[in-house]
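>>> sharing a model that was predicted from the sequence below.
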Amino acid sequence: MTPRFVFFGTPKFAAIVLDELEEAGYPPSLIVTAPPKPKGRHLILTPSEVEEWAKKRQVPVLAPARVKGNTELFETLKRAEADVFIVAAYGKILPQELLDIPPHGTLNVHPSILPKFRGPSPIESAILSDEIGTGVTIMLLDVELDHGDILAQEAADIGSWPPKASELEETLARGGGKLLARMLAPWVEGKIVSTPQDHTLATHTKKISKEDGRISISDPAMLNLKKVKAYDLWPGAWMMAKSNGSERRIKITEAHIDGDQFVIDRVIPEGKKEMPYADFLRGASA
């Protein structure tokens, strides 16, 4: 059988999961995503990556401003007659009454080996914590954060360490999508038994702030390199640096370690284009 499912997701991670499901022959019957948001210097209202994915394939899409108490949304989801819901980086908390609508529950693709790295920043936290064995988990959602029973887990083949967050995100999204595709039909057919997490082993991640990306040259070289890698998507690793006698905030885009020294290779000065760090120090304009 081909399971009928509604997909909840918003950013690139979720769109990659959809790519893998599509490749395996599992198209969503309906997509729910976050509403368009202002982006760029001119704050143009822009649909999510998942909404763009849906439009290209003419898949019906909903982008509700709120979920809790949204009677119209709940009725639409019931009429969808899905076997299961799938959630991947949707960005909103789903109430239990919504999770319980499909007969086979709501599944989640989470980019860590749970119960490690529950919460909003598992990819960045894995890089900062040197969790080389990180991977993906397919779990049954409940109302508690990343708390539900596990259906399947798989470590990722990451390659060189530490990776950039953008690279690790794609690796885990593709791995998670493939893993989900392999177990989706067996789950709906009752051939997979879920396993409760050992909650005593749980670790939790925090919401990232701009200040988290601040680099101090006096910090250990490897810590600084991991910040450059972990925060490449947002907020970026940054510091204040002088050029031509004036201090300016710079975003560090490329760096490496030479011996025990943190070496900055490329930067984006505030209001400028990316350039070699040596050119910035010489006062070059871009």
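Nice, I can see it.
>>> who's in contact with stretch 254-267?
217, 221-222, 224-225, 228, 237, 241, 250-253, 274-277, 280 (C-beta atoms under 8 Å, 6 or more residues apart in numbering). C-beta: built from backbone N, CA, C; applies to glycine.
>>> selecting buried members of those in ChimeraX, what would you type?
Typed into ChimeraX, the next command selects the buried ones out of the contacts of stretch 254-267 (criterion: 16 or more other C-beta atoms under 10 Å):
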select :221,224,225,228,237,241,250,251,252,253,275,277,280
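>>> give the contact list for residue 55.
47, 61.
>>> let's go with 10 Å and repeat that
By C-beta atoms under 10 Å, 6 or more residues apart in numbering, the contact set of residue 55 is 31, 47, 61.
>>> does it belong to a helix or a strand, and which?
Assigned by DSSP states H and E, residue 55 belongs to helix 49-56.
>>> with residue 172 instead?
Judged by DSSP H and E, residue 172 forms part of helix 165-188.
>>> alpha carbons of the helix or strand following that helix, as PDB, please.
Counting by DSSP H and E, the next helix or strand C-terminal to helix 165-188 is helix 221-230. Coordinates of the C-alpha atoms in helix 221-230 are reproduced here as PDB (Å, rounded to 0.1, in the frame of the first residue of the first chain):
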ATOM      1  CA  ALA A 221      41.300  27.600  18.400                       C
ATOM      2  CA  MET A 222      39.000  24.600  18.000                       C
ATOM      3  CA  LEU A 223      36.100  26.200  19.800                       C
ATOM      4  CA  ASN A 224      36.300  29.200  17.400                       C
ATOM      5  CA  LEU A 225      36.500  26.900  14.400                       C
ATOM      6  CA  LYS A 226      33.500  25.000  15.600                       C
ATOM      7  CA  LYS A 227      31.600  28.200  16.000                       C
ATOM      8  CA  VAL A 228      32.400  29.200  12.400                       C
ATOM      9  CA  LYS A 229      31.100  25.800  11.200                       C
ATOM     10  CA  ALA A 230      28.100  25.500  13.600                       C
END
